[in-house]
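Engineer: Sequence first, predicted model second:
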Amino acid sequence: MKMSEKMKNSFLILMVLFLISGYVIGDLSAQVIINTLVEHSYVEVDFSLFSGHTILVDTNYSDWKGVQPSGDNSAVYSSNEYIYKDAYYDDTGDGDYAYPTGGHFKRGMADIVQFRVTYDTTNLYFYVNLLDASPDPADGWWVNGFVMGIHDSTAEGGNNFLIQGNGVDPDSGPAAEINTKEKIHYTLFASSTYKIRMWNASGVKIGDGNDGDNSDGTLNNIRIKAKEWNKYEVGIPFSLIGPVAGKKLKFLVGSCFEEGNMVREVQGYPLSTEWYITGGDKQWWVNTGPDPDVMDLIGAAKDLQQKDLGNYREIFFNAEFDFEVFNMDIRPYIFSPGKSETVTIYFTFAKAGKVTLRVRDLNGRSIRTIEDGLDVAPEAENNLYIEKTWDGRDNDNTLLDRGAYIIEAVFADGKEEKISRKVVRVW
């Protein structure tokens, strides 16, 4: 039976209405579900699908008008905003990595539940909401924060890691130790003490906000507000990242805790000191799982995220150095030599050379030489691991005072040098 012309037209109208009802661009009241299953630990925002609107960066969040999706791990464009709803307690990794297991933490206290993005003619705005990040009444020093990597599909270069810094100066990087599957062009770290810093792919700090000590004296160009320890609102001027209209940006967003304006370390040693967050891999030298120093990463349902998190591996040294030539790590990061505790230094290398191992104070002065020109060579087809210990004493065998010190390893093969530095705390 042939369809009449009238029936054809009615059918076409119904189809058009059906499509419009599920996919509307620019309508402030529209809610468009764009995905219900994110397969990676990042989300993509298509700025050609909505026109955005202005946000006042303050502690009143009523100007975020969009309605979040009902389903976990799904996203919508609603009221000219991109909104992603992350599932509860979904980052348990491969069994080694999980939320902090220390007694000071409440279950899920650093769980990201919502991420929003919008923009106007001058700024990119985003909102990060954690479930409950309020400090423990007895231990108020737990200060939460978040890290973010931004991938710009139109930009050149980029790195497969968040900017690491030197582990000493917070202006050099957050020390988040995350490798990524997508090229990162910008790294951000913010804390609920209203501080934020931003770096480009070359590791140059290009922005900060509410910098109380005015450490560089020039920037303070990013706006940030935090409320109730778990709600963040941020405005980034396009002078830092360029306009976003029509672009597709990918955002990697992770929650974390702050230590000295840097990301607090996740590791596998269940020590009781305040510096640690347990839940990481206990043996980094057989590390097949993640240890990325974050509590929650948005994106991916739990089963897929466990697999995806396995693609993140800890960076044992400053990220600009060659992974295959020379790596160094230390465990633990805080120890008490007065109680006969020691720190173990691990390093691995892919070719023959000499290693010099020193301890320096924060002014750079050498206070202990552990190894001076140690000859090393790799095993056939495998990196060779070497362990050395330090007892917290200087060259005169005197116990050092409490404080932070730098363990420095220098690898030289006659043609080039590789230097790795880690901070250790004497307690």
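Structural biologist: Sure, I can see it.
Engineer: Just confirm L249 is within a strand.
Structural biologist: Yes. Assessed with DSSP: H, G, I helix; E, B strand; the rest coil, L249 lies in a strand.
Engineer: That one bridge partners, please.
Structural biologist: Beta-bridge pairing of L249 under DSSP bridges involves V45, D152.
Engineer: And for it, the neighbour number?
Structural biologist: Counted by other C-beta atoms under 10 Å, the residues lying close to L249 total 23. From N, CA and C alone the C-beta is placed, and that goes for glycine too.
Engineer: do the one 3 residues further on as well
Structural biologist: Counted with other C-beta under 10 Å, the burial measure for L252 works out to 25 neighbours.
Engineer: That one and L374, how far apart?
Structural biologist: 38 Å (C-beta to C-beta, to the nearest Å).
Engineer: What separation do you get for E416 and N327?
Structural biologist: In terms of C-beta to C-beta, E416 sits 15 Å off from N327.
Engineer: residues contacting S239?
Structural biologist: Neighbour list for S239: N221 [criterion: C-beta atoms under 8 Å, 6 or more residues apart in numbering].
Engineer: Export whatever helix or strand it lives in to PDB, keeping only CA atoms.
Structural biologist: Per DSSP states H and E, S239 falls inside helix 238-241. Taking only C-alpha atoms (Å, rounded to 0.1, in the frame of the first residue of the first chain), the coordinates of helix 238-241 have been written out as PDB:
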ATOM      1  CA  PHE A 238      40.300  33.700  27.400                       C
ATOM      2  CA  SER A 239      43.600  35.700  27.500                       C
ATOM      3  CA  LEU A 240      45.100  32.500  29.000                       C
ATOM      4  CA  ILE A 241      43.500  29.800  26.800                       C
END
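Engineer: circling back to that earlier point, show me which of E416 and N327 is the more surrounded one.
Structural biologist: The neighbour count for E416 versus N327, taken as other C-beta under 10 Å, is higher for N327 (25 against 11).
Engineer: That one contacts V355, doesn't it?
Structural biologist: No. Counting by C-beta atoms under 8 Å, N327 stays clear of V355, with 11.6 Å between them.
Engineer: Name the residues contacting each of these two.
Structural biologist: With C-beta under 8 Å, 6+ apart, N327 and V355 have common neighbours 347, 349.
Engineer: who's in contact with stretch 60-67?
Structural biologist: 28, 31, 53-56, 76-81, 83, 116, 118, 127, 227, 231, 233.
Engineer: change it to 10 Å
Structural biologist: Identification of contacts with stretch 60-67 by C-beta atoms under 10 Å, 6 or more residues apart in numbering yields 28-31, 50, 53-57, 76-83, 114, 116, 118, 125, 127, 129, 225, 227, 231, 233.
Engineer: Would you mind identifying the helix or strand in this protein with the lowest mean pLDDT?
Structural biologist: Ranked by mean pLDDT, DSSP states H and E, the weakest helix or strand in the chain is strand 31-35, scoring a mean of 44.
Engineer: Low-confidence stretches in the stretch 251-400 of the chain?
Structural biologist: Where the stretch 251-400 of the chain drops to pLDDT under 70, the residues are 265-292, 300-325, 379-385.
Engineer: which residues in it form helices?
Structural biologist: Using DSSP state H, counting those that start in this stretch, the helices of the stretch 251-400 of the chain run over residues 302-309.
Engineer: would S62 count as being in a strand?
Structural biologist: No. Checked against three-state DSSP, S62 lies outside a strand; its state is helix.
Engineer: Look at it and report its pLDDT.
Structural biologist: Per-residue confidence (pLDDT) for S62: 94.
Engineer: For the closest residue to A377 other than its chain neighbours, grab the count of nearby residues.
Structural biologist: Spatial nearest neighbour of A377, chain neighbours left out: A352 (4.0 Å); criterion: C-beta to C-beta, 6 or more residues apart in numbering. Using other C-beta under 10 Å, A352 is surrounded by 12 other residues.
Engineer: And T344, by the same measure?
Structural biologist: 13.
Engineer: for it, what are its contacts?
Structural biologist: 329-332, 335, 387-390.
Engineer: Check those for burial and list the buried ones.
Structural biologist: 329-332, 335, 388, 390 (16 or more other C-beta atoms under 10 Å).
Engineer: Is it possible to get JSON lines of those that adds distance to G173?
Structural biologist: Putting the buried ones among the contacts of T344 into JSON lines (distance: C-beta to C-beta, whole Å) gives the following:
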{"residue": "D329", "distance to G173": "17"}
{"residue": "I330", "distance to G173": "18"}
{"residue": "R331", "distance to G173": "21"}
{"residue": "P332", "distance to G173": "22"}
{"residue": "F335", "distance to G173": "24"}
{"residue": "K388", "distance to G173": "26"}
{"residue": "W390", "distance to G173": "25"}
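Engineer: Restricted to strands, list the residues you listed.
Structural biologist: Per DSSP state E, strands hold the following members of the buried ones among the contacts of T344: 329-331, 335, 388, 390.
Engineer: Out of the residues you listed, which comes closest to H151?
Structural biologist: D329 (27.2 Å; C-beta to C-beta).
Engineer: Can you give the domain ranges for this structure?
Structural biologist: Per the record, the chain has its domains at 34-309, 326-426, by automatic domain parsing.
Engineer: Single out the most deeply packed of those domains.
Structural biologist: domain 34-309 (a mean of 19; mean count of other C-beta atoms under 10 Å).
Engineer: elements contacting the helix or strand encompassing G235?
Structural biologist: Under the criterion of DSSP H and E, G235 resides in strand 231-237. If contacts are counted by 3 or more C-beta pairs under 10 Å, 6 or more residues apart in numbering; DSSP states H and E, strand 231-237 sits against strand 112-119, strand 123-130, strand 143-152, strand 186-191, strand 195-200, strand 205-209, strand 223-227.
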